[in-house]
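>>> Requesting a structural model of the entry that follows:
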Amino acid sequence: MDFKGKLDKVKEYFREVYLETKRVTWPSKNDAIKGTYIVLITVVIASIFLGIVDVGLAKIIQVLLRG
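Prediction:
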């Protein structure tokens, strides 16, 4: 395949990408903000839970290693 054929394929790819982005249903600003809040709250809750589990397991391991 020559350079022109490869260049045509690249052009066609980016044309298809452009057309596909036209069909995307983008969220409204309010929906994006709500989604961001949900993600942040979920991350905070998961972090707290994992922190508690980590501390608990560390204490259990300390007790097992001492005894």
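>>> okay, which residue is most central for the protein?
In the chain, the centroid-proximal residue (CA atoms, centre = their mean) is V39; its distance is 9.9 Å.
>>> Who are the contact partners of that residue?
V39 sits next to no residue when contact means CB atoms under 8 Å, 6 or more residues apart in numbering. To be clear about C-beta, it is placed using only N, CA and C from the backbone, and glycine gets the same treatment.
>>> That one and I33, how far apart?
Counting by CB to CB, to the nearest Å, the separation of V39 from I33 is 11 Å.
>>> Kindly report the same for S47.
21 Å.
>>> next one: the lowest-mean-pLDDT helix or strand in the chain to chain centre, how far?
Across the helices and strands of the chain, mean confidence by mean pLDDT, DSSP states H and E is lowest for helix 3-23: a mean of 92. Put simply, helix 3-23 sits 26 Å off its chain's centre (CA atoms, centre = their mean, to the nearest Å).
>>> So which bits of it are buried?
Buried residues in helix 3-23, defined by neighbour count with 16 or more other CB atoms under 10 Å: none.
>>> Dihedrals phi and psi, the residue nearest to the centre of the chain?
phi -60, psi -50 (degrees, to the nearest 10).
>>> Repeat that for P27.
Per degrees, to the nearest 10, the backbone of P27 is at phi -70, psi 150.
>>> In contact with it, which residues are there?
G35.
>>> Just the pLDDT at it, thanks.
Each residue has a pLDDT score; the one for P27 is 94.
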